[in-house]
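In: Based on what follows, work out the 3D shape:
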Amino acid sequence: MDWREFAQQMASMARSLLAQTSVQETLESITSSATELVEGCDEAGILVLRGLQVESLAATEQLVVDSDRLQERLREGPCFDAARSRSGERVFRISDFTDEEPRWPAFAPRARELGVGSMMGFLLYTEDEDLGALNLYSRRAGAFNDVSETAGWLLASHAAVAFSSARTHAQMQQAVATRHTIGEAMGILMGGHNLTEEQAFDVLRRYSQERNIKLREVARRVCEQGGL
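Out: Here you go, the predicted structure:
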């Protein structure tokens, strides 16, 4: 591994991540970079846990999705454990699926049947939140070594910051759009029913609560239909 060249590639990747315009584009750039930057990595994906439900994001190949679903079904595996790690362990690696794997005895033989030779899972985290796991796959046994792990860990560290930043930006954009929609809906109600601003908002809020519909969805309907 030429670490000087790797550092230059990482810097280029960081600039590329900042240039992405959506969370999805950011995640796809991360997984694509993994296959280019980490020696031995054939495929990559990001696994996010919603309770015990697995969500596969930006998978570069169906193999990644199949592996995620398998780990969800078995409730074990390096990526599943990386995504929910609370023990301080940030990296999980299976160097060779042809060997017995005591940590994941149910997952390992089934993953081998999928065509996985070796894999690594890296917890994506920042100081404030755990985001999921970046998972790297090789169809060849013994593809990942300590150098690969270090490169993957550095990539995951950059990826976590980019993922968190992209998600925060998307949430802010959604919040701004929601406020605009609610304001427009209030204006429609105020003009159509001679209501004050406070009364119009109260109508939206009560409709939302009584029908268990999110306030932004109620506002969107008002804007589309011209009223409730």
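In: Could you use CA atoms for every contact and neighbour count after this?
Out: OK.
In: Which neighbouring elements make contact with the longest helix belonging to the chain?
Out: Counting residues, the longest helix in the chain under DSSP state H turns out to be helix 146-193. Where contact means 3 or more CA pairs under 8 Å, 6 or more residues apart in numbering; DSSP states H and E, helix 146-193 is packed against helix 3-19, helix 23-37, strand 118-125, strand 130-138, helix 197-211, helix 215-225.
In: 6 Å - rerun?
Out: Judged by 3 or more CA pairs under 6 Å, 6 or more residues apart in numbering; DSSP states H and E, the packing partners of helix 146-193 are helix 197-211, helix 215-225.
In: That one vs helix 3-19, what angle?
Out: Between the axis of helix 146-193 and that of helix 3-19 there is an angle of 10 degrees, by axes from the mean of the first three to the mean of the last three CA atoms, to 10 degrees.
In: starting at the chain centroid, how far to helix 146-193?
Out: Offset of helix 146-193 from its chain centre (CA atoms, centre = their mean, to the nearest Å): 12 Å.
In: How about stretch 186-206?
Out: The chain centre lies 38 Å from the centre of stretch 186-206; the measure is CA atoms, centre = their mean.
In: re the thing from before, and the longest helix of the chain, average pLDDT?
Out: What helix 146-193 shows for mean pLDDT is 83.
In: so that helix versus helix 215-225, what angle?
Out: Orientation check (the same axes, to 10 degrees): helix 146-193 against helix 215-225 gives 50 degrees.
In: before we move on, the earlier item: among the helices and strands packed on helix 146-193, which is nearest His180?
Out: Using CA to CA as the criterion, the shortest distance between His180 and those is 9.5 Å, found for helix 215-225.
In: that older thread, figure out which of the helices and strands packed on helix 146-193 is closest to Gln173.
Out: Gln173 sits nearest to helix 215-225 of all the helices and strands packed on helix 146-193, at 13.5 Å, using CA to CA.
In: how far away is the residue lying closest to Arg90 once chain neighbours are set aside from Glu39?
Out: Spatial nearest neighbour of Arg90, chain neighbours left out: Leu123 (5.1 Å); criterion: CA to CA, 6 or more residues apart in numbering. As judged by CA to CA, to the nearest Å, Leu123 and Glu39 stand 19 Å apart.
In: Same check on Gly45?
Out: Counting by CA to CA, the gap from Gly45 to Glu39 is 16 Å.
In: Those two: which has the busier surroundings?
Out: Gly45 (30 against 18; other CA atoms under 10 Å).
In: Quick check: pLDDT value at that one.
Out: Gly45 is assigned a pLDDT of 95 by the prediction.
In: And what about it, helix, strand or coil?
Out: Recorded secondary structure, Gly45: strand (DSSP: H, G, I helix; E, B strand; the rest coil).
In: Who are the contact partners of it?
Out: Under the criterion of CA atoms under 6 Å, 6 or more residues apart in numbering, the contact list for Gly45 reads Thr31, Ala58, Ala59, Asn135.
In: For the third one, which non-adjacent residue is spatially closest?
Out: Going back to what we said before, that points to Ala59. Gly45 (4.1 Å).
In: Specify the beta-bridge partners of the one you found.
Out: Per DSSP bridges, the residues bridged to Gly45 are Asn135.
In: which SSE is the residue nearest to Val65 when sequence neighbours are not counted in?
Out: If you skip the residues right next to it in sequence, Val65 has Ser56 as its closest partner in space, 6.0 Å away by CA to CA, 6+ apart. Assignment of secondary structure by DSSP states H and E places Ser56 within strand 53-57.
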